[in-house]
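Novice: return a 3D structure for these sequence lines:
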Amino acid sequence: MELTGEVQDIIYQNEVNSYTIARFETSDEETTIVGYLPFISKGDSLKVIGTYVDHKDYGIQFKVTTFEKLMPKTAIAVQKYLASGNIKGVGEATAKRIIKKFGENTINIINHDPIRLAEVKGITEEKARLIAESFIENQEIWQIVSFLERFNIGAEHAKKVYEKLGIDSIEKIEQNPYLLIDITRGVDFKQIDKMAMQIGIQPDYEERVQTGIKYGLIRATYNGHSCTIKENLIEFVRNLLEVSTETIEDNLINLTVKGEIIIEQREKEEWVYLTSFYKTEEEIAFRIDRLQKSKNMKEIKNIEAQLKKIEKTTDIELSEKQKEAIKAINENNVLIITGGPGTGKTTIIKTIIELYEQKGKKVVLAAPTGRAAKKMTEATGKEASTLHRLLCIGKLDDEGIYNKDSSYEGTPIDADIIVIDELSMVDMFLMDYLLKCIYQGTKLVLVGDVDQLPSVGPGAVLKDFIDSGAIETVYLDKIFRQAAKSKIVLNAHRVNKGEAFISKDDIANETNQDFFYITHKTQEEILKEVISLCTGRLQKFGDYDFFQNIQIITPTKKGILGTKELNKELQAYLNPNIYNLPEKANLGAVYRSGDRIMQIKNNYDITWEREKEDGKKELGNGVFNGEIGTITNINEQEKIVEVRFDDKKEVWYEFSELDQIEHSYCITIHKSQRKRI
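Specialist: You can find the predicted model right below:
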C-alpha cells in the first residue's frame, strides 16, 4: 500500500540505524509508521510504501518498506519543515518570518534566488547562503535514499553513505557502486553487484573483481579467521563473480601492489590477508618478542624460600607443577599457563598475587568478559576488571579495530605484573591493543584453556601463541582432588578427550552432586521443570537465590524454550508487579523494577555513576554488550529507566534508548559468552 502524509511526531528514532516509530497523518487518518527512515523529522511530508501489521502490544501499525520525501506544498507545511531543525540557521521564529514574507513561493526563492532571504529581518546575506546550502544539502540526502531504494538497498544504509561520500554520493556510486561494500558493512555483495550490472559495469571490471576478493576476505573474518588459503579464496570469488581464475589472479596482484592485501607464503601454501589484519598479527609478534627480550626487572630472588613462606602463612598448598609455573613466571617476562577446569590455574594466580604484593609489586588482573572478571575476583579475592575497562577502549571502527594508527602506543598500564585470564576469548585486535599498553619490563601472564569458548572476533590468539612454541608455556593436566568431586569438571575433561558424559546410572546414588540428568518428552514439561527449579527447588537444594546465583541458558531465542518466552514466564513468576509499580513496554517486552536485564550493544557515550569505597562518586562513560544489571526504578514523569549493573554502575536510560537492553532471566548460549560484570 502507499500512503502520503505528514510526520506529526517522532516517537522513537535509533541514532545508529535510523529505525523510526512516528505518528503519521494522511488526509484520512492518523496512523503509526515504523521502519528505517533516516533524516526524517517532525513536519516532513512523505510518501511511504508498505503494509499494515497488527502488533500484539501496540496494535495496528504501518510497516514501511520504502519511502520518499516530498517537498512541502502549503505555506504551513513549508514553515513546519523549515522549523524542524534540519535547516541550519532557521528556528521557529525565523521560519515564521520567512513564510510571512514569501509564502508558498519560499522553496522557489531558496533554490533559485537565496540572497532574497536577506530581505527578512534578522537574516544577513551570509546567513541566507547558509540556509540555502543547508536546504539543498537536505534535498541531496533525500535523493540518496531514493537512489539506493531503487536497488533494494535499505534506507538504514543511506545515512552512512552520505556521511562517507557527501552530497556527491550518487555520482560517486554510479561511477563505482562497489564503494558501498566498504561503507556499509553487512550489505549483501550480490545486491551491490546486481546494481552495478544494471548501470552497465562489465563482469571483468577491475573494481568489481577486486571488491569481490576483499568481500571474500571480510566474509572469512565473520567466522573468526584473519586470512584464508589463496586457492580457496579464488574458488569463492570465481563462484561469486563468474569470472576466470586468470582474471582473479591478475587482480590479486593489483591489490598487492596497491597495498590492500598481503599474500604470505607458508611452506607449499599461499595465505591471503587484508593488510590491516596482517599488520596486526605482525605487530603482536613484534611486541611479544620485544617484551620477552626485555630485562627481567621484576625477578624475585630466592623464589623457593619465598614459596615455602607463603605455603606456611596461607592455606595454599602447591603441587610441583604449580611451583614450576610460578618459577617460570619469575624467570620470564611472558608466560602462558594452560589447562582445563580444576587443574589449579586459580591457585597459581592467588600465589602470584601473594608473592609479588609481599615484595611491594603491583599486580593487575583482567579478563575479556565481565563474567570471567567477576569469577576471577571471587576466586582470588582481588579486584579484576574487563580488558575494555582496563584499557579504556573507545569505539571500534567498521573492521573491529580499536586504532588503525600502528604508531599509537596506547595508555600504559600501571603494573609490575599483569595477569590475563580466559585468554581463549581474546581476539587479535584486543591482544594488539593490550600489548600497546604494556611497559617493557612488565611481566605478562596469559592464562587460558584452548578448549574453552573462542573469541567472537578474528584470531585464535591463545592457540596460535601455544602452537608457535615462541612463548614459554606451562601445561596443567592433573585434576585436583577437590575439583575431581565435581561431575561438571570431570565431564568437561571427558568431552575434550572425545568421551561421553558420565552415565546417569553412575551418578544416580551420589550425594552433593552438581550435575543432573532431567528427562522430559515435551517442551511444556521442560518449561514447568525450569520454572520449578528457579522458584524454590534450587534454593532448597543449595541456598541458591535466583537473582544472585542462577542463570538460565538456552540455544535459541524463539519457541517455548527460547529466551523471549522464557524471560516472560520467569518474570511473571519471579518478579510479578503485585504493587502496581510503573512499567514500560518496549519492542514486545514489559520492563519493571527488579527485572534482570542485559545490555545488548556497545554504548561508548552513555554516562554512569558509581559510589567508591570512600563514599566519593566516580563518573564514567560506556556500557558494553553483555553487561548484566537490575532495573531499580522507572520514572514515568521524566521518561527514564534506572539500572544498577553488577559492577555497581548506576545508569539512566531514556525511554527511547530501551532497545539497548533486554531481559536476562534467560540468555542465549552465545550471549553467555559476552556476559560482562
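Novice: residues contacting stretch 359-368, please?
Specialist: With CB atoms under 8 Å, 6 or more residues apart in numbering as the test, stretch 359-368 has contacts from 298, 300, 349, 352-353, 356-357, 373, 375-377, 380, 382-387, 390, 413-423, 425-426, 430, 455. Yep, even glycine has a C-beta here, placed from its N, CA and C like the rest.
Novice: next one: that stretch to chain centre, how far?
Specialist: Relative to the chain's own centre, stretch 359-368 is displaced by 27 Å; criterion: CA atoms, centre = their mean, to the nearest Å.
Novice: ok so, going back, so of the contacts of stretch 359-368, which ones are in strands?
Specialist: Restricting those to those inside strands, with DSSP state E as the criterion, leaves 384-386, 417-420.
Novice: just to revisit the earlier point, list buried residues within the contacts of stretch 359-368.
Specialist: Under a neighbour-count criterion of 16 or more other CB atoms under 10 Å, the subset of those counted as buried comprises 298, 300, 349, 352-353, 356, 373, 375-377, 380, 382, 384-387, 390, 413, 415-423, 425-426, 430, 455.
Novice: now Gln210. Nearest residue, chain neighbours left out?
Specialist: Nearest residue to Gln210, sequence neighbours excluded (CB to CB, 6 or more residues apart in numbering): Asn251, at 4.9 Å.
Novice: show me the contacts for that neighbour.
Specialist: Residues counted as contacts of Asn251 (CB under 8 Å, 6+ apart) are 206, 209-210, 213.
Novice: please tell me the pLDDT value assigned to it.
Specialist: Reading off the confidence values, Asn251 has pLDDT 96.
Novice: measure how far the helix or strand hosting it is from the centre of its chain, please.
Specialist: In this assignment (DSSP states H and E), Asn251 forms part of helix 245-257. Per CA atoms, centre = their mean, the displacement of helix 245-257 from the mean C-alpha position of its chain is 34 Å.
Novice: touching, Thr556 and Leu566? I think so.
Specialist: No - using CB atoms under 8 Å, Thr556 is not in contact with Leu566; the gap is 10.0 Å.
Novice: quick one: the helices in the stretch 451-600 of the chain?
Specialist: Per DSSP state H, counting those that start in this stretch, the stretch 451-600 of the chain has helices spanning 461-468, 481-484, 487-496, 504-507, 523-532, 538-542, 546-549, 563-574. These are given in chain order.
Novice: still on that earlier bit, tell me which of Thr556 and Leu566 has more neighbours.
Specialist: Here Thr556 and Leu566 are compared on neighbour count by other CB atoms under 10 Å; more neighbours surround Leu566, at 23 against 12.
Novice: now that one: how far from Asp505?
Specialist: Applying CB to CB, to the nearest Å, one obtains 30 Å for the distance of Leu566 from Asp505.
Novice: what lies in contact with stretch 229-249?
Specialist: By CB under 8 Å, 6+ apart, the surrounding residues in contact with stretch 229-249 are 189, 193, 203-204, 208-209, 212-213, 215-217, 219-220, 252, 263, 269-272.
Novice: helices - which of those land there?
Specialist: Cross-referencing the contacts of stretch 229-249 with the helices (criterion: DSSP state H) gives 189, 193, 208-209, 212-213, 215-217, 219-220, 252 as the overlap.
Novice: what's near enough to touch the residue of the chain most remote from its centre?
Specialist: Largest separation from the mean C-alpha position in the chain: Glu119, at 51.3 Å (CA atoms, centre = their mean). If you count contacts by CB under 8 Å, 6+ apart, Glu119 has them with Lys101.
Novice: phi, psi for it please.
Specialist: As for Glu119, its main-chain torsions (degrees, to the nearest 10) stand at phi -70, psi -20.
Novice: one more: Trp652?
Specialist: According to degrees, to the nearest 10, the main-chain angles of Trp652 amount to phi -120, psi 120.
Novice: okay, and the beta partners of it?
Specialist: Here Trp652 sits in beta bridges with Glu642, going by DSSP bridges.
Novice: about what we covered before: comparing the helices of the stretch 451-600 of the chain, which yields the minimum mean pLDDT?
Specialist: When those are compared on mean pLDDT, helix 481-484 scores lowest, with a mean of 61.
Novice: can you tell me how far the residue nearest to Gln210 is from Arg208?
Specialist: The gap separating Asn251 from Arg208 is 9 Å, by CB to CB.
Novice: show me where pLDDT drops low in the stretch 501-650 of the chain?
Specialist: For the stretch 501-650 of the chain, the stretches flagged by pLDDT under 70 are 508, 511-512, 604.
Novice: you'd agree Asn138 is up against Phe39?
Specialist: Yes - at 7.2 Å, Asn138 counts as touching Phe39 under the criterion of CB under 8 Å.
Novice: can you pick out the residue with more neighbours from those two?
Specialist: Regarding Asn138 and Phe39, a neighbour count based on other CB under 10 Å identifies Asn138 as having more, with 20 against 17.
Novice: so which strand or helix has the more buried one?
Specialist: Short version, using DSSP H and E: Asn138 is in helix 125-149.
Novice: quick one: contacts of the next helix or strand after that helix?
Specialist: On the C-terminal side of helix 125-149, the nearest following helix or strand under DSSP H and E is helix 158-165. With CB under 8 Å, 6+ apart as the contact definition, helix 158-165 has outside contacts at 18, 38-39, 140-141, 144-145, 148, 169, 172-173, 179-180, 183-184.
Novice: burial of the nearest residue to Ile413 once chain neighbours are set aside, as a residue count?
Specialist: Distance criterion CB to CB, 6+ apart; nearest residue to Ile413, sequence neighbours excluded, is Cys437 at 5.1 Å. Applying other CB under 10 Å, we find 19 other residues in the vicinity of Cys437.
Novice: okay, Cys437 and Ala367: tell me how far apart.
Specialist: Applying CB to CB, one obtains 16 Å for the distance of Cys437 from Ala367.
Novice: same question, Val445
Specialist: Counting by CB to CB, the separation of Val445 from Ala367 is 12 Å.
Novice: and the two? which has more neighbours close in?
Specialist: Comparing Val445 with Ala367 by neighbour count (other CB under 10 Å), the higher total belongs to Ala367, at 28 against 25.
Novice: what bridges to that one?
Specialist: For Ala367, the beta-bridge partners under DSSP bridges are Thr386.
Novice: check which helix or strand Thr630 maps to.
Specialist: Counting by DSSP H and E, the secondary-structure element that holds Thr630 is strand 628-635.
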